[in-house]
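A.B. asks: Structure for the following, please:
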Amino acid sequence: KNSLFVLDCDIFNYKNQLKTIKLFFLFLFIVLAVLFFLCQLSSSFILFICFYYQLILLFHIFSSFFPSNQLFNDIFFLQYLKRSNQIGDEGASGLGSALAKCINLSNLTLYLLRNQIGDEGASGLGSALAKCINLSNLTLNLWSNQIGDEGASGLGSALAKCINLSNLTLDLYNNQIDDQGVSVLRSALANCTNLSNLILDLNKNQINSADASGLGSALTYCTNLSNLTLDLYYNQIGDEGALGLGTALANCANLSNLALNLTENSIGDQGVSGLGSALANCSNLSNLTLELRFNSIGDEGASRLGFALAKCTSLSNLTLYLQFNQIGDQGASKLGSALANCTNLLNFRLDLQQKQFIGFGL
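C.D. replies: Here you go, the predicted structure:
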């Protein structure tokens, strides 16, 4: 009951069979309606049996229209969701082998979070993705597995071959990835030059300052990148990493929407000041979310961040999470005064909860 399998097929290569397909979907609708009505009158066990036989029926009916090779070669859209189970390396590799046959796949969503996938399984999935050269939209959620550098490298090597990707979501939260894995991942991203939307979650891994700077540098090759969400919460980035990351992102000329989570990364005044100064050079930035909770930012850092962001003249939406730092009255006051110069702001949220109560007037 913790799993869901959804298979949506939009097949456009059978124009001469369009009428037959329409009749099939009409029949499918009727079958689903009848089954749903019957299941409402039955127990949960009967509900399971009904849908089990429904899936078998649909498979046989649909496969009768198309030869099996054509079905797997002409799938246009596929979503597979499998979460919170006991999928290990063997299962992930087997799934990858099946996906490798879907050579025309353009949209893929895989949720494999909270399973038991390690390096071998992640590499197997990567090998399959490398054969899906037509992928343009990919969501791959692998958080809370057991993936290390080898697995991340396998995924990265695969992504490097998916040169048509325009939308990528890669969630590797709470795995065991450090220098080597991040190095291959960033090299892969540098090859995805058509990316316009990227969500990359590396929370709770072992990312250091050099890794963060390298990730930023790789993204500068994605010249079409306009929307970026980068989650690096609970790593070891520090001041140097924050500065390097910001400096690199300043070279993403088309970046208009940025969400950056650097919570709990040992960032102090120097790091946040450098980050702010770098982001001030993002001339097209209109929406910015900065999460800097549980760091070591004091009055000086808060003040400099405010004056730097005031130079982002295109900003219309700004969210700052600065809870649980070391910001006092002076820092809060200067931050507010500086941000008052952001005359184009339409929406602004500022969270400043600290270990000690602070108060200021604007």
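A.B. asks: Report the contact partners of the closest residue to Ile207 other than its chain neighbours.
C.D. replies: Among residues not flanking Ile207 along the chain, Asn235 sits closest, at 3.8 Å (C-beta to C-beta, 6 or more residues apart in numbering). For every residue, glycine as well, the C-beta is placed using N, CA and C. Contacts for Asn235 (C-beta atoms under 8 Å, 6 or more residues apart in numbering) come out as 202-208, 211-212, 265.
A.B. asks: Need the pLDDT of Asn235.
C.D. replies: Per-residue pLDDT puts Asn235 at 96.
A.B. asks: got it, and Ala212?
C.D. replies: What the model reports as pLDDT for Ala212 is 96.
A.B. asks: Equivalent analysis for Phe324, please.
C.D. replies: Looking at Phe324, its pLDDT is 96.
A.B. asks: any idea how far it lies from Val272?
C.D. replies: To Val272, Phe324 is 14 Å away according to C-beta to C-beta, to the nearest Å.
A.B. asks: These two - which one has more neighbours?
C.D. replies: Val272 (29 against 18; other C-beta atoms under 10 Å).
A.B. asks: tell me the SS of the more buried one?
C.D. replies: Val272 carries the three-state label helix when classified by DSSP: H, G, I helix; E, B strand; the rest coil.
A.B. asks: pretty sure it contacts Leu292?
C.D. replies: Yes: the pair Val272 and Leu292 passes the contact test of C-beta atoms under 8 Å, sitting 6.4 Å apart.
A.B. asks: how about the contacts of Asn235 in JSON lines, adding neighbour count?
C.D. replies: As requested, those are arranged in JSON lines below (neighbours: other C-beta atoms under 10 Å):
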{"residue": "Leu202", "neighbour count": "29"}
{"residue": "Asn203", "neighbour count": "19"}
{"residue": "Lys204", "neighbour count": "20"}
{"residue": "Asn205", "neighbour count": "24"}
{"residue": "Gln206", "neighbour count": "17"}
{"residue": "Ile207", "neighbour count": "25"}
{"residue": "Asn208", "neighbour count": "17"}
{"residue": "Asp211", "neighbour count": "28"}
{"residue": "Ala212", "neighbour count": "29"}
{"residue": "Asn265", "neighbour count": "25"}
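A.B. asks: between the residues you listed, which is nearest Leu318?
C.D. replies: Closest approach between these and Leu318, by C-beta to C-beta: Asn265, at 20.5 Å.
A.B. asks: Tell me which residues touch the closest one, please.
C.D. replies: 232-238, 241-242, 295.
A.B. asks: Look at it and tell me its secondary structure.
C.D. replies: coil.
A.B. asks: Could you measure from it over to Ser136?
C.D. replies: Noted for Asn265: a distance of 33 Å to Ser136, by C-beta to C-beta.
A.B. asks: How about Ile30?
C.D. replies: Noted for Ile30: a distance of 34 Å to Ser136, by C-beta to C-beta.
A.B. asks: If you count surrounding residues, which of these two has more?
C.D. replies: In this comparison of Ile30 against Ser136, neighbours counted by other C-beta under 10 Å, the higher total goes to Ser136 at 15 against 10.
A.B. asks: ok, that one touching Leu165?
C.D. replies: Yes: using C-beta under 8 Å, Ser136 is in contact with Leu165, at 6.2 Å.
A.B. asks: who's in contact with the strand or helix carrying Val184?
C.D. replies: Using DSSP states H and E, Val184 sits within helix 179-191. The contact list for helix 179-191 (C-beta under 8 Å, 6+ apart) reads 148-153, 155-161, 163, 177, 195, 198, 200, 202, 205-208, 210-211, 214-215, 217-219, 221-222.
A.B. asks: Write the PyMOL selection for whichever of these are buried.
C.D. replies: A single PyMOL command selects the buried members of the contacts of helix 179-191 (16 or more other C-beta atoms under 10 Å):
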select buried, resi 148+149+150+151+152+153+155+156+157+158+159+160+161+177+195+198+200+202+205+206+207+208+211+214+215+217+218+219+221+222
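A.B. asks: Counting only helices, which of the contacts of helix 179-191 make the cut?
C.D. replies: Mapping the contacts of helix 179-191 onto helices (DSSP state H) picks out 149-153, 155-159, 210-211, 214-215, 217-219.
A.B. asks: what packs against the host helix or strand of Ala278?
C.D. replies: Assigned by DSSP H and E, Ala278 belongs to helix 269-279. When contacts are defined as 3 or more C-beta pairs under 8 Å, 6 or more residues apart in numbering; DSSP states H and E, helix 269-279 sits against helix 238-249, helix 299-309.
A.B. asks: 10 Å - rerun?
C.D. replies: Where contact means 3 or more C-beta pairs under 10 Å, 6 or more residues apart in numbering; DSSP states H and E, helix 269-279 is packed against helix 238-249, strand 257-261, strand 287-291, helix 299-309.
A.B. asks: what's the angle from the first one to helix 269-279?
C.D. replies: What that stands for is helix 238-249. For helix 238-249 against helix 269-279, the angle by axes from the mean of the first three to the mean of the last three C-alpha atoms, to 10 degrees is 0 degrees.
A.B. asks: Packing partners of helix 238-249?
C.D. replies: Helix 238-249 packs on helix 209-219, strand 227-231, strand 257-261, helix 269-279, going by 3+ C-beta pairs under 10 Å, 6+ apart.
A.B. asks: Now do it, average pLDDT.
C.D. replies: 96.
A.B. asks: still on that earlier bit, closest one of the contacts of Asn235 to Gly118?
C.D. replies: Nearest to Gly118 out of the contacts of Asn235 is Asn205 (C-beta to C-beta; 14.7 Å).
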